[in-house]
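Asks: here is the input, now give the coordinates:
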Amino acid sequence: MAHIAYMRVSTADQRTDRQLSDTGIQWDKTFIDKCSGGTTNRPALEELKGYAREGDTIHVHSIDRLARNLVDLKQLVDTWNGKGVNVRFHKEGLSFTAGGSDHMSELMLNMLGAVAQFELAMIKERRQEGIEKAKAAGKYRGRPTNQTKHQEIRQLRSEGVSLRKIATQVGVSLSTVQRALAAPEENK
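Replies: Below you'll find the predicted structure:
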């Protein structure tokens with residue numbers, strides 16, 4: 001029976017110090033993601049899914065560290081519980097055991113998961129409103145173009161390399177390759 005810690009921060013420069021620091025539990029294994037919680041496609045989370053075994057307990061600081069939408073949250077907890085893995089959210093004081101959890105914990109998980117999902121939607125909406133205001137004021141121009149990569153893209157295309165191979169070789173998305181090739185001359 002292992003005690004497994006899962007921590008997540010949104011950006012690489014944020015720290016996980018405050019998460020699970022006051023539990024007094026000695027972790028057998030710790031998984032840390034430094035990326036958005038808006039998706040379950042996270043490297044450490046994927047590794048944790050393959051690592052957790054029957055009888056283990058996964059400890060998470062708070063619900064929003066594991067998932068930012070109710071569907072993902074329920075799916076993760078239900079999948080782990082189905083495999084005999086317990087899940088504990090320390091901030092909320094909720095535990096979900098493999099043999100079944102009490103109805104009040106289930107209700108709280110659904111409510112708090114819905115709140116986390118709503119909170120994420122509000123953050124996205126406020127961010128978009130801020131971008132629109134900045135654009136209207138002429139202060140927002142988006143991310144600057146990486147001229148070096150654009151030159152490399154144009155060079156590879158002139159050599160007859162396919163768009164998909166260019167994207168892979170340069171390390172960008174296919175849409176970035178298409179934008180670089182479609183950019184007007186003054187941006188080239």
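
Asks: and residue 170, what does it touch?
Replies: 149, 152-153, 156, 177 (Cβ atoms under 8 Å, 6 or more residues apart in numbering). For the C-beta atoms, the positions are set from N, CA and C on the backbone; glycine is no exception.

Asks: ok, the residues you listed vs residue 110, which is closest?
Replies: Set against residue 110, the nearest of the contacts of residue 170 by Cβ to Cβ is residue 177 (42.7 Å).

Asks: if I read this right, that closest one contacts residue 153, doesn't it?
Replies: Yes. Using Cβ atoms under 8 Å, residue 177 is in contact with residue 153, at 5.5 Å.

Asks: mutual contacts of these two, please.
Replies: 166, 170.

Asks: tell me, please, the helix or strand in this structure that averages the lowest pLDDT.
Replies: helix 103-136 (a mean of 85; mean pLDDT, DSSP states H and E).

Asks: dump the residue contacts of residue 1.
Replies: 55-57.

Asks: at 6 Å what do you get?
Replies: Neighbouring residues of residue 1 by Cβ atoms under 6 Å, 6 or more residues apart in numbering: residue 55.

Asks: cool, and residue 42?
Replies: 33, 35.

Asks: any idea how far it lies from residue 110?
Replies: Distance, residue 42 to residue 110, by Cβ to Cβ, to the nearest Å: 22 Å.

Asks: tally up the residues packed near residue 89, please.
Replies: Neighbours of residue 89 under the rule other Cβ atoms under 10 Å: 24.
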